[in-house]
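> Sequence first, then the predicted structure:
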Amino acid sequence: MLITNNNKYPFFDLSEIVVDHDLPFKPYQPLKPVKAGNYVPGFKLYNDYSYWQQFFNGAETHGPISLRHLLNKPLVVAFYSHHWREKGNTLLKQLNNLQHEIKASGGNLLIISDERTEELEAKAWENSFTLNFYHDEQKDIARAFRVFSDDAPIWDRFSGIDVNVPLLATYVIDPSKQVIYSHVDLDFLGTFSGKDIVSTVYESALIANSRKSA
């Protein structure tokens, strides 16, 4: 018996399709982190103590925050989230090992965390961290550096992470908020070069000091 295309497949009425107009459409926009040479005018810090958490040799300290002192020198800005697990731990340890050299070279160091957790206190104590954290829970600073976006969730790029968090990124910015060094770990290929961080801070501090004395 001859089977034609007319009766081979069941009839389908396009009018039966139900369109859900409430379903939001969010186009994927890949992250484009700022890089050396860019300015970050959206980089703003607040004195409110609730944003800050400071550790000295593992113990949490509570002292006044001087934004003027922090921002009038080259500033190493590192983004961190506990959701990065061991990768994040490695970053903190490397920064802790460098913090004395950064200060001796004329700079400051600040870690931008996406949330305040009790786990951080335990980690600081266990590793004797001497680090300053600024909790950017609304991701305002992460957005200013373009290492976080609602339209480019991290779980689309990295397996094992089911929360949208900022990229692991480390920068050096000068007092004018210009990026003079950038390292963004997009492929888990390794952390930044400590030697490059320290030399960048030193050179920037020399330039800043020469301008002040001119």
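Now that the structure is in, tell me what you want to look at.
> who's in contact with stretch 89-106?
If you take C-beta atoms under 8 Å, 6 or more residues apart in numbering as the criterion, stretch 89-106 is touched by 73-74, 76, 78, 80, 84, 108-109, 111, 123, 127-131, 168, 170, 191-192, 194, 197-198, 201-202, 204-206, 208-209. C-beta: built from backbone N, CA, C; applies to glycine.
> Now with 7 Å, please.
73-74, 76, 78, 80, 109, 111, 127, 129-131, 168, 191, 194, 197-198, 201-202, 205 (C-beta atoms under 7 Å, 6 or more residues apart in numbering).
> Three-state assignment for the most centrally placed residue in the chain, please.
For the chain, the residue nearest the mean C-alpha position is residue 79 (3.0 Å; C-alpha atoms, centre = their mean). Using DSSP: H, G, I helix; E, B strand; the rest coil, the structure places residue 79 in strand.
> Buried ones from the contacts of stretch 89-106, can you make that a PyMOL selection?
Selecting only the buried entries of the contacts of stretch 89-106 in PyMOL, with 16 or more other C-beta atoms under 10 Å as the criterion:
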select buried, resi 73+74+76+78+80+109+111+129+130+131+168+191+197+198+201+202+205
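> Could you measure from residue 210 over to residue 68?
20 Å (C-beta to C-beta, to the nearest Å).
> all strands for this protein, in order.
Along the chain, counting by DSSP state E, strands occupy 52-56, 59-61, 75-80, 108-113, 132-135, 169-173, 179-184.
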